[in-house]
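Participant: based on what follows, work out the 3D shape:
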Amino acid sequence: MQKHKNTNIHLLIVLLILVALPLSSYSRHDDDYPEKYAVIFDAGSTGSRVHVFRFNPNMELLNIANDLEFFLAIKPGLSSYAEDPRAAANSLKPLLEKAEAVVPKNLHTQTPIKIGATAGLRLLKGDASEKILQAVRDLLKNETTLSYKDEWISVLEGNQEGSYFWVALNYLYGNLGKNYSGTIATIDLGGGSVQIAYAVSKQSALNAPKLPKGEPYVQQKSLLGTNYYLYVHSFLNYGLLAARAEILKASKNSTSPCIVEGHDGYYTYNGVAYKAAAQKHGPSVGRCKAVIRKLLQLNAPCKHDNCSFAGVWNGGGGAGTTNLHVSSFFYDFASVVGIVDPKEPSGISQPIQYYKAAKLACQTKKQNMKLVFPNIGDKDIPFICMDLMYEYTLLVDGFGIDPYRKTTFVHQVKYKDHLVEAAWPLGSAIDVVSSTT
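Facilitator: Take a look at the predicted model:
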(Lines give C-alpha, C1' and ligand atoms only; values in the text may rest on other atoms or scores of the structure.)
Protein backbone atom coordinates (compact mmCIF):
# COMPACT_ATOMS: atom_id res chain seq x y z
CA MET A 1 0.00 0.00 0.00
CA GLN A 2 2.81 2.36 0.97
CA LYS A 3 4.63 1.52 -2.28
CA HIS A 4 1.53 2.34 -4.37
CA LYS A 5 1.15 5.66 -2.50
CA ASN A 6 4.79 6.62 -3.22
CA THR A 7 4.30 5.87 -6.92
CA ASN A 8 1.32 8.23 -7.07
CA ILE A 9 3.33 10.97 -5.37
CA HIS A 10 6.15 10.55 -7.94
CA LEU A 11 3.70 10.76 -10.85
CA LEU A 12 2.16 13.91 -9.36
CA ILE A 13 5.61 15.55 -9.09
CA VAL A 14 6.44 14.72 -12.72
CA LEU A 15 3.11 16.19 -13.90
CA LEU A 16 3.70 19.38 -11.89
CA ILE A 17 7.15 19.78 -13.48
CA LEU A 18 5.76 19.32 -16.98
CA VAL A 19 3.01 21.88 -16.37
CA ALA A 20 5.55 24.37 -15.04
CA LEU A 21 7.80 24.08 -18.12
CA PRO A 22 7.19 26.68 -20.87
CA LEU A 23 5.64 25.41 -24.07
CA SER A 24 8.82 26.10 -26.03
CA SER A 25 10.67 23.49 -23.96
CA TYR A 26 8.98 20.66 -25.77
CA SER A 27 7.89 22.24 -29.06
CA ARG A 28 9.52 21.52 -32.41
CA HIS A 29 11.31 24.88 -32.17
CA ASP A 30 13.60 24.02 -29.29
CA ASP A 31 17.37 23.81 -29.47
CA ASP A 32 17.16 20.49 -31.36
CA TYR A 33 14.84 21.88 -34.07
CA PRO A 34 15.60 25.59 -34.40
CA GLU A 35 14.39 27.80 -37.17
CA LYS A 36 17.17 28.53 -39.61
CA TYR A 37 18.09 31.89 -41.11
CA ALA A 38 20.41 32.91 -43.94
CA VAL A 39 21.66 36.40 -44.80
CA ILE A 40 22.59 36.89 -48.46
CA PHE A 41 24.05 40.10 -49.91
CA ASP A 42 23.68 40.77 -53.63
CA ALA A 43 26.35 43.36 -54.39
CA GLY A 44 25.43 44.52 -57.90
CA SER A 45 26.71 47.25 -60.16
CA THR A 46 24.01 49.80 -59.31
CA GLY A 47 23.59 49.04 -55.61
CA SER A 48 23.82 46.55 -52.76
CA ARG A 49 20.88 44.48 -51.57
CA VAL A 50 20.42 42.22 -48.56
CA HIS A 51 18.02 39.28 -48.37
CA VAL A 52 17.20 37.52 -45.10
CA PHE A 53 15.44 34.17 -45.40
CA ARG A 54 13.83 32.17 -42.60
CA PHE A 55 13.24 28.41 -42.78
CA ASN A 56 11.44 25.95 -40.52
CA PRO A 57 13.07 22.59 -39.58
CA ASN A 58 11.70 21.08 -42.81
CA MET A 59 13.38 23.83 -44.87
CA GLU A 60 10.10 25.51 -45.79
CA LEU A 61 10.18 29.29 -46.13
CA LEU A 62 8.54 31.16 -43.27
CA ASN A 63 7.26 34.71 -43.25
CA ILE A 64 9.32 37.58 -41.93
CA ALA A 65 6.65 40.15 -41.10
CA ASN A 66 4.27 40.02 -44.08
CA ASP A 67 6.69 38.68 -46.69
CA LEU A 68 8.74 35.57 -47.34
CA GLU A 69 11.98 37.47 -46.91
CA PHE A 70 13.40 40.63 -45.41
CA PHE A 71 14.78 42.81 -48.21
CA LEU A 72 16.61 46.13 -48.20
CA ALA A 73 18.63 47.94 -50.86
CA ILE A 74 21.00 50.91 -50.97
CA LYS A 75 22.88 52.84 -53.65
CA PRO A 76 25.54 53.13 -54.97
CA GLY A 77 27.20 49.72 -55.43
CA LEU A 78 30.58 48.58 -54.10
CA SER A 79 32.28 49.31 -57.43
CA SER A 80 31.59 53.03 -56.93
CA TYR A 81 34.21 52.97 -54.16
CA ALA A 82 37.05 51.58 -56.30
CA GLU A 83 39.54 54.04 -54.78
CA ASP A 84 38.45 53.50 -51.16
CA PRO A 85 37.92 49.82 -50.19
CA ARG A 86 37.14 50.68 -46.56
CA ALA A 87 34.36 53.06 -47.62
CA ALA A 88 33.00 50.30 -49.85
CA ALA A 89 32.83 47.91 -46.91
CA ASN A 90 31.32 50.54 -44.61
CA SER A 91 28.57 51.19 -47.16
CA LEU A 92 27.19 47.76 -46.23
CA LYS A 93 26.90 48.58 -42.50
CA PRO A 94 23.30 49.87 -42.60
CA LEU A 95 22.19 46.70 -44.39
CA LEU A 96 24.16 44.50 -42.02
CA GLU A 97 22.67 46.14 -38.94
CA LYS A 98 19.11 45.74 -40.23
CA ALA A 99 19.75 42.11 -41.17
CA GLU A 100 21.21 41.32 -37.75
CA ALA A 101 18.15 42.84 -36.08
CA VAL A 102 15.90 40.43 -38.02
CA VAL A 103 17.76 37.30 -36.89
CA PRO A 104 17.16 36.27 -33.23
CA LYS A 105 20.35 36.89 -31.23
CA ASN A 106 20.54 33.30 -30.00
CA LEU A 107 20.75 32.16 -33.66
CA HIS A 108 23.43 34.63 -34.83
CA THR A 109 26.33 32.20 -34.55
CA GLN A 110 24.37 29.57 -36.49
CA THR A 111 23.24 31.95 -39.26
CA PRO A 112 25.44 32.08 -42.37
CA ILE A 113 26.12 35.38 -44.11
CA LYS A 114 27.28 35.36 -47.73
CA ILE A 115 28.11 38.22 -50.07
CA GLY A 116 28.07 37.68 -53.83
CA ALA A 117 29.40 40.52 -55.95
CA THR A 118 28.24 40.54 -59.56
CA ALA A 119 28.80 42.64 -62.68
CA GLY A 120 30.20 45.83 -61.13
CA LEU A 121 33.20 44.34 -59.35
CA ARG A 122 34.02 42.06 -62.29
CA LEU A 123 34.73 45.16 -64.41
CA LEU A 124 37.13 46.89 -62.00
CA LYS A 125 40.74 47.06 -63.11
CA GLY A 126 43.75 45.53 -61.37
CA ASP A 127 43.33 44.31 -57.80
CA ALA A 128 40.64 46.87 -56.88
CA SER A 129 38.00 44.16 -56.70
CA GLU A 130 40.00 41.94 -54.33
CA LYS A 131 40.87 44.90 -52.09
CA ILE A 132 37.17 45.71 -51.69
CA LEU A 133 36.32 42.09 -50.93
CA GLN A 134 39.08 41.92 -48.31
CA ALA A 135 37.79 45.11 -46.68
CA VAL A 136 34.34 43.50 -46.50
CA ARG A 137 35.83 40.36 -44.92
CA ASP A 138 37.59 42.54 -42.33
CA LEU A 139 34.31 44.34 -41.61
CA LEU A 140 32.48 41.08 -40.95
CA LYS A 141 35.33 39.73 -38.84
CA ASN A 142 35.18 42.77 -36.55
CA GLU A 143 31.53 43.82 -36.68
CA THR A 144 29.23 40.79 -36.79
CA THR A 145 28.44 37.69 -34.76
CA LEU A 146 26.84 36.02 -37.77
CA SER A 147 28.65 32.97 -39.15
CA TYR A 148 30.88 33.66 -42.13
CA LYS A 149 33.84 32.22 -44.00
CA ASP A 150 36.29 34.16 -46.14
CA GLU A 151 35.30 32.15 -49.22
CA TRP A 152 31.67 33.21 -48.74
CA ILE A 153 32.69 36.78 -49.63
CA SER A 154 33.50 36.65 -53.33
CA VAL A 155 32.74 37.69 -56.88
CA LEU A 156 29.90 35.45 -57.99
CA GLU A 157 30.94 33.48 -61.06
CA GLY A 158 28.41 32.85 -63.81
CA ASN A 159 28.34 29.11 -63.10
CA GLN A 160 27.53 29.78 -59.45
CA GLU A 161 24.74 32.13 -60.45
CA GLY A 162 23.36 29.48 -62.80
CA SER A 163 23.45 26.72 -60.19
CA TYR A 164 21.83 28.91 -57.50
CA PHE A 165 19.07 29.83 -59.95
CA TRP A 166 18.42 26.12 -60.61
CA VAL A 167 18.29 25.47 -56.86
CA ALA A 168 15.86 28.35 -56.27
CA LEU A 169 13.45 27.40 -59.04
CA ASN A 170 13.39 23.70 -58.16
CA TYR A 171 12.92 24.60 -54.49
CA LEU A 172 9.91 26.81 -55.23
CA TYR A 173 8.33 24.02 -57.29
CA GLY A 174 8.88 21.53 -54.47
CA ASN A 175 11.28 19.36 -56.49
CA LEU A 176 14.27 19.29 -54.15
CA GLY A 177 14.50 15.97 -52.33
CA LYS A 178 13.14 14.11 -55.38
CA ASN A 179 15.12 11.95 -57.78
CA TYR A 180 17.03 14.05 -60.31
CA SER A 181 14.60 12.98 -63.04
CA GLY A 182 11.86 14.86 -61.20
CA THR A 183 13.68 18.22 -61.37
CA ILE A 184 13.46 20.90 -64.05
CA ALA A 185 16.11 22.26 -66.40
CA THR A 186 16.68 26.01 -66.50
CA ILE A 187 18.00 28.44 -69.11
CA ASP A 188 18.28 31.97 -67.72
CA LEU A 189 18.97 34.77 -70.22
CA GLY A 190 20.52 37.79 -68.56
CA GLY A 191 22.01 40.93 -70.05
CA GLY A 192 25.67 39.87 -70.14
CA SER A 193 25.44 36.08 -70.08
CA VAL A 194 23.12 33.10 -70.43
CA GLN A 195 23.21 30.15 -68.01
CA ILE A 196 21.96 26.61 -68.50
CA ALA A 197 21.61 24.12 -65.64
CA TYR A 198 20.10 20.67 -65.21
CA ALA A 199 20.64 17.55 -63.13
CA VAL A 200 22.32 14.43 -64.52
CA SER A 201 22.79 10.90 -63.21
CA LYS A 202 25.75 9.98 -61.00
CA GLN A 203 27.15 7.81 -63.80
CA SER A 204 26.93 10.70 -66.27
CA ALA A 205 28.71 12.93 -63.75
CA LEU A 206 31.55 10.41 -63.37
CA ASN A 207 32.03 10.33 -67.14
CA ALA A 208 31.70 14.10 -67.63
CA PRO A 209 34.58 15.98 -69.30
CA LYS A 210 36.18 19.08 -67.83
CA LEU A 211 36.63 22.59 -69.11
CA PRO A 212 39.98 23.46 -70.76
CA LYS A 213 41.30 24.96 -67.52
CA GLY A 214 40.32 21.86 -65.55
CA GLU A 215 37.14 23.15 -63.90
CA PRO A 216 34.29 20.64 -63.79
CA TYR A 217 31.23 20.96 -65.98
CA VAL A 218 29.26 19.06 -63.31
CA GLN A 219 28.88 20.16 -59.68
CA GLN A 220 27.80 17.95 -56.80
CA LYS A 221 25.30 19.45 -54.36
CA SER A 222 23.59 18.06 -51.28
CA LEU A 223 20.15 19.66 -51.03
CA LEU A 224 17.40 18.71 -48.59
CA GLY A 225 19.06 15.38 -47.91
CA THR A 226 19.53 14.43 -51.57
CA ASN A 227 22.70 14.44 -53.67
CA TYR A 228 22.43 16.08 -57.07
CA TYR A 229 24.92 16.20 -59.92
CA LEU A 230 24.35 19.46 -61.72
CA TYR A 231 25.55 20.30 -65.21
CA VAL A 232 25.85 24.07 -65.35
CA HIS A 233 27.52 26.44 -67.77
CA SER A 234 27.52 30.20 -68.14
CA PHE A 235 28.13 31.63 -71.59
CA LEU A 236 29.70 35.04 -71.00
CA ASN A 237 28.88 37.72 -73.60
CA TYR A 238 25.90 35.73 -74.88
CA GLY A 239 23.35 37.58 -72.75
CA LEU A 240 20.78 39.60 -74.68
CA LEU A 241 22.35 43.04 -74.20
CA ALA A 242 25.86 41.78 -74.90
CA ALA A 243 24.61 39.94 -77.99
CA ARG A 244 23.13 43.16 -79.39
CA ALA A 245 26.60 44.71 -79.28
CA GLU A 246 28.24 41.69 -80.95
CA ILE A 247 25.60 41.54 -83.71
CA LEU A 248 26.03 45.26 -84.45
CA LYS A 249 29.81 44.93 -84.31
CA ALA A 250 29.57 42.43 -87.17
CA SER A 251 28.14 45.21 -89.37
CA LYS A 252 31.42 47.12 -89.06
CA ASN A 253 29.87 50.52 -88.35
CA SER A 254 27.45 50.18 -91.26
CA THR A 255 23.77 49.20 -91.59
CA SER A 256 22.51 45.97 -89.99
CA PRO A 257 20.03 43.39 -91.36
CA CYS A 258 18.64 43.08 -87.82
CA ILE A 259 17.57 46.71 -87.14
CA VAL A 260 13.93 47.68 -87.77
CA GLU A 261 13.13 49.88 -90.75
CA GLY A 262 13.26 53.61 -90.01
CA HIS A 263 15.91 53.56 -87.29
CA ASP A 264 19.30 55.22 -87.51
CA GLY A 265 21.18 55.63 -84.25
CA TYR A 266 23.61 54.02 -81.82
CA TYR A 267 23.51 51.34 -79.16
CA THR A 268 25.76 51.65 -76.11
CA TYR A 269 26.95 48.66 -74.10
CA ASN A 270 29.67 48.75 -71.43
CA GLY A 271 30.55 52.30 -72.41
CA VAL A 272 31.08 51.52 -76.12
CA ALA A 273 28.72 52.93 -78.78
CA TYR A 274 27.83 50.77 -81.79
CA LYS A 275 26.20 51.97 -85.00
CA ALA A 276 22.58 50.74 -85.12
CA ALA A 277 21.08 51.66 -88.48
CA ALA A 278 18.52 49.89 -90.64
CA GLN A 279 19.23 48.84 -94.19
CA LYS A 280 17.42 50.71 -96.98
CA HIS A 281 14.62 48.18 -97.32
CA GLY A 282 14.50 47.20 -93.66
CA PRO A 283 15.71 44.06 -91.93
CA SER A 284 16.10 40.61 -93.46
CA VAL A 285 15.07 37.59 -91.39
CA GLY A 286 17.44 35.30 -93.27
CA ARG A 287 20.48 37.55 -93.18
CA CYS A 288 19.85 38.50 -89.55
CA LYS A 289 19.69 34.86 -88.54
CA ALA A 290 22.92 34.17 -90.44
CA VAL A 291 24.72 36.87 -88.44
CA ILE A 292 23.41 35.39 -85.18
CA ARG A 293 24.39 31.83 -86.14
CA LYS A 294 27.92 33.05 -86.84
CA LEU A 295 28.00 34.80 -83.47
CA LEU A 296 27.04 31.53 -81.73
CA GLN A 297 30.08 29.79 -83.28
CA LEU A 298 28.04 26.72 -84.12
CA ASN A 299 30.94 25.24 -86.08
CA ALA A 300 33.57 25.83 -83.40
CA PRO A 301 35.88 22.84 -82.76
CA CYS A 302 34.23 20.44 -80.29
CA LYS A 303 36.42 18.09 -78.25
CA HIS A 304 33.40 16.15 -76.98
CA ASP A 305 30.70 13.98 -78.50
CA ASN A 306 27.99 16.57 -77.96
CA CYS A 307 28.42 20.35 -78.00
CA SER A 308 25.88 23.14 -77.88
CA PHE A 309 27.68 26.22 -79.25
CA ALA A 310 31.04 27.97 -78.95
CA GLY A 311 32.68 24.55 -78.55
CA VAL A 312 31.04 23.94 -75.16
CA TRP A 313 29.91 20.45 -74.05
CA ASN A 314 26.12 20.28 -73.75
CA GLY A 315 25.97 18.06 -70.67
CA GLY A 316 24.79 14.96 -72.51
CA GLY A 317 21.07 15.52 -71.89
CA GLY A 318 19.04 12.92 -70.03
CA ALA A 319 16.03 12.77 -67.71
CA GLY A 320 16.92 16.08 -66.02
CA THR A 321 16.16 17.98 -69.24
CA THR A 322 12.60 16.69 -69.73
CA ASN A 323 10.91 19.72 -68.16
CA LEU A 324 12.45 22.98 -69.43
CA HIS A 325 11.90 26.42 -67.92
CA VAL A 326 13.33 29.59 -69.50
CA SER A 327 13.45 32.93 -67.74
CA SER A 328 14.53 36.57 -67.44
CA PHE A 329 14.76 38.12 -70.95
CA PHE A 330 13.16 34.99 -72.42
CA TYR A 331 10.05 35.66 -70.33
CA ASP A 332 10.23 39.45 -70.68
CA PHE A 333 10.07 39.50 -74.47
CA ALA A 334 7.65 36.56 -74.65
CA SER A 335 5.24 38.60 -72.54
CA VAL A 336 5.82 41.78 -74.57
CA VAL A 337 4.94 40.19 -77.93
CA GLY A 338 2.08 38.00 -76.71
CA ILE A 339 3.76 34.59 -76.63
CA VAL A 340 2.63 34.35 -72.99
CA ASP A 341 0.12 36.40 -71.00
CA PRO A 342 1.96 39.30 -69.32
CA LYS A 343 -0.58 39.23 -66.48
CA GLU A 344 0.43 35.68 -65.54
CA PRO A 345 3.60 34.80 -63.59
CA SER A 346 4.43 32.07 -66.11
CA GLY A 347 3.10 30.49 -69.28
CA ILE A 348 3.63 27.53 -71.59
CA SER A 349 4.50 28.00 -75.26
CA GLN A 350 7.05 26.90 -77.88
CA PRO A 351 10.32 28.39 -79.16
CA ILE A 352 8.86 28.58 -82.68
CA GLN A 353 6.65 31.43 -81.44
CA TYR A 354 9.78 33.61 -81.16
CA TYR A 355 10.43 33.01 -84.86
CA LYS A 356 6.87 33.89 -85.83
CA ALA A 357 6.99 37.06 -83.71
CA ALA A 358 10.42 37.93 -85.16
CA LYS A 359 9.10 37.72 -88.73
CA LEU A 360 6.26 40.06 -87.81
CA ALA A 361 8.61 42.49 -86.04
CA CYS A 362 11.04 42.49 -88.95
CA GLN A 363 8.22 43.37 -91.36
CA THR A 364 7.01 46.30 -89.25
CA LYS A 365 8.34 49.84 -89.54
CA LYS A 366 9.63 51.58 -86.45
CA GLN A 367 6.76 54.08 -86.29
CA ASN A 368 4.16 51.29 -86.41
CA MET A 369 5.72 48.94 -83.87
CA LYS A 370 3.51 50.08 -80.97
CA LEU A 371 0.43 49.22 -83.03
CA VAL A 372 1.65 45.63 -83.42
CA PHE A 373 3.22 45.20 -79.97
CA PRO A 374 1.48 47.71 -77.63
CA ASN A 375 3.47 46.61 -74.57
CA ILE A 376 6.92 47.18 -76.05
CA GLY A 377 9.19 49.76 -74.44
CA ASP A 378 10.42 52.62 -76.63
CA LYS A 379 14.10 51.77 -76.13
CA ASP A 380 13.54 48.18 -77.31
CA ILE A 381 11.71 49.05 -80.56
CA PRO A 382 14.81 49.38 -82.80
CA PHE A 383 16.10 45.98 -81.65
CA ILE A 384 12.94 43.87 -81.39
CA CYS A 385 13.52 42.06 -84.71
CA MET A 386 17.09 41.26 -83.60
CA ASP A 387 16.16 40.29 -80.02
CA LEU A 388 13.39 37.87 -80.98
CA MET A 389 15.50 36.25 -83.69
CA TYR A 390 18.39 35.94 -81.24
CA GLU A 391 16.22 34.27 -78.60
CA TYR A 392 14.84 31.79 -81.17
CA THR A 393 18.25 30.98 -82.65
CA LEU A 394 19.90 30.70 -79.23
CA LEU A 395 17.33 28.14 -78.03
CA VAL A 396 16.95 26.13 -81.24
CA ASP A 397 20.35 26.29 -82.95
CA GLY A 398 22.46 27.04 -79.89
CA PHE A 399 20.98 24.78 -77.21
CA GLY A 400 19.38 22.32 -79.63
CA ILE A 401 15.82 22.73 -78.34
CA ASP A 402 13.09 21.40 -80.66
CA PRO A 403 11.25 24.51 -81.96
CA TYR A 404 7.88 22.87 -81.19
CA ARG A 405 8.79 21.63 -77.72
CA LYS A 406 6.46 22.74 -74.93
CA THR A 407 8.46 25.13 -72.76
CA THR A 408 7.59 27.06 -69.60
CA PHE A 409 8.40 30.77 -69.66
CA VAL A 410 8.67 31.75 -66.00
CA HIS A 411 8.94 35.03 -64.10
CA GLN A 412 7.44 34.10 -60.72
CA VAL A 413 6.32 30.94 -58.94
CA LYS A 414 3.37 30.64 -56.59
CA TYR A 415 4.70 29.46 -53.22
CA LYS A 416 2.08 29.14 -50.48
CA ASP A 417 0.17 32.44 -50.69
CA HIS A 418 2.97 34.40 -52.33
CA LEU A 419 4.30 34.96 -55.83
CA VAL A 420 8.06 34.55 -55.57
CA GLU A 421 10.61 35.54 -58.18
CA ALA A 422 13.23 32.85 -58.60
CA ALA A 423 16.62 34.50 -58.13
CA TRP A 424 20.08 33.38 -57.14
CA PRO A 425 20.05 34.78 -53.53
CA LEU A 426 17.31 32.31 -52.54
CA GLY A 427 19.25 29.45 -54.14
CA SER A 428 22.41 30.54 -52.34
CA ALA A 429 20.54 30.58 -49.03
CA ILE A 430 19.14 27.07 -49.55
CA ASP A 431 22.55 25.81 -50.64
CA VAL A 432 24.44 27.16 -47.64
CA VAL A 433 21.81 26.20 -45.04
CA SER A 434 21.60 22.67 -46.53
CA SER A 435 25.36 22.28 -46.44
CA THR A 436 25.81 23.54 -42.87
CA THR A 437 23.09 21.44 -41.18
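Participant: what about this protein, any weak spots by pLDDT?
Facilitator: 1-33, 119, 437 (pLDDT under 70).
Participant: rerun that using 80 as the cut-off
Facilitator: Within the chain, the segments meeting pLDDT under 80 span 1-34, 45, 119-120, 122-123, 436-437.
Participant: I'd like to know how many residues surround the closest residue to P34 other than its chain neighbours.
Facilitator: What sits nearest to P34 in space, not counting adjacent residues and going by CB to CB, 6 or more residues apart in numbering, is L107, at 6.3 Å. C-beta here means a position set from N, CA and C on the backbone, and glycine is covered the same way. Applying other CB atoms under 10 Å, we find 15 residues neighbouring L107.
Participant: what's the answer for G338, then?
Facilitator: Residues near G338, counting by other CB under 10 Å, number 16.
Participant: picking up where we left off before, quick check: the residue nearest to P34 touching V52?
Facilitator: No: at 11.5 Å, L107 does not count as touching V52 under the criterion of CB atoms under 8 Å.
Participant: what is in contact with those two at once?
Facilitator: Applying CB atoms under 8 Å, 6 or more residues apart in numbering, one finds that L107 and V52 are jointly contacted by Y37.
Participant: and the residue nearest to P34, that one's in a helix?
Facilitator: Yes: assessed with DSSP: H, G, I helix; E, B strand; the rest coil, L107 lies in a helix.
Participant: please list all residues in contact with it.
Facilitator: So L107 contacts 34-37 (CB under 8 Å, 6+ apart).
Participant: so which of the residues you listed sit within strands?
Facilitator: Among the contacts of L107, the residues falling in strands (DSSP state E) are 36-37.
Participant: now do the helices in the chain.
Facilitator: 2-20, 85-90, 93-102, 119-122, 128-143, 158-172, 202-206, 240-249, 285-295, 329-336, 352-362, 369-372, 384-393, 424-435 (DSSP state H).
Participant: of all these, which one is nearest G77?
Facilitator: helix 119-122 (4.7 Å; CB to CB).
Participant: which other helices and strands does that closest one contact?
Facilitator: If you count contacts as 3 or more CB pairs under 8 Å, 6 or more residues apart in numbering; DSSP states H and E, helix 119-122 packs onto helix 128-143.
Participant: specify the angle between the helix it packs on and helix 93-102 in degrees.
Facilitator: 40 degrees (axes from the mean of the first three to the mean of the last three CA atoms, to 10 degrees).
Participant: ok, residues contacting helix 128-143?
Facilitator: Contact with helix 128-143 is made by 78-79, 81-83, 85-86, 88-90, 92-93, 96, 113, 115, 117, 121-122, 124, 146, 148, 150, 153-155, as judged by CB under 8 Å, 6+ apart.
Participant: out of those residues, which end up buried?
Facilitator: The neighbour-count test (16 or more other CB atoms under 10 Å) applied to the contacts of helix 128-143 identifies 78-79, 81-82, 85, 88-90, 92, 96, 113, 115, 117, 121-122, 124, 146, 148, 153-155 as buried.
Participant: give the contact list for the nearest residue to I401 once chain neighbours are set aside.
Facilitator: Nearest residue to I401 in three dimensions, chain neighbours excluded: L395, at 4.6 Å (CB to CB, 6+ apart). Counting by CB under 8 Å, 6+ apart, L395 touches 187, 326, 330, 351, 354, 401, 407.
Participant: so how many other residues sit close to the fifth one?
Facilitator: Residue neighbour count, defined by other CB under 10 Å, stands at 26 for Y354.
Participant: so it makes contact with L388?
Facilitator: Yes: counting by CB under 8 Å, Y354 touches L388, with 5.2 Å between them.
Participant: find residues that contact each of the two.
Facilitator: F333.
Participant: and stretch 375-386, which residues are buried?
Facilitator: In terms of neighbour count (16+ other CB under 10 Å), stretch 375-386 has its buried residues at 376, 381-386.
Participant: so among the contacts of L395, which ones count as buried?
Facilitator: 187, 326, 330, 351, 354, 401, 407.
Participant: among those residues, which lie within strands?
Facilitator: Among those, the members falling in strands (DSSP E) are 187, 326, 407.
Participant: tabulate those in TSV, adding columns for distance to S335.
Facilitator: Output for those, formatted as TSV (distance: CB to CB, whole Å):
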residue	distance to S335
I187	16
V326	12
T407	14
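Participant: closest one of those to N227?
Facilitator: I187 (23.3 Å).
Participant: beta partners for the closest one?
Facilitator: I196, V326 (DSSP bridges).
Participant: how close does it get to G239?
Facilitator: In this view, I187 and G239 are 12 Å apart by CB to CB, to the nearest Å.
Participant: same check on A168?
Facilitator: Counting by CB to CB, the gap from A168 to G239 is 19 Å.
Participant: just to revisit the earlier point, which one of the buried ones among the contacts of L395 is nearest T255?
Facilitator: Y354 (23.5 Å).
Participant: contact partners for the closest one?
Facilitator: 333-334, 339, 388-389, 391-392, 395.
Participant: same check, this time on L394
Facilitator: 189, 194, 238, 243, 292, 296.
Participant: what does L95 give?
Facilitator: Applying CB under 8 Å, 6+ apart to L95 gives the contacts 41, 48-50, 72, 74.
Participant: do that again at 10 Å, thanks
Facilitator: Neighbour list for L95: 39, 41, 43, 48-52, 72-74 [criterion: CB atoms under 10 Å, 6 or more residues apart in numbering].
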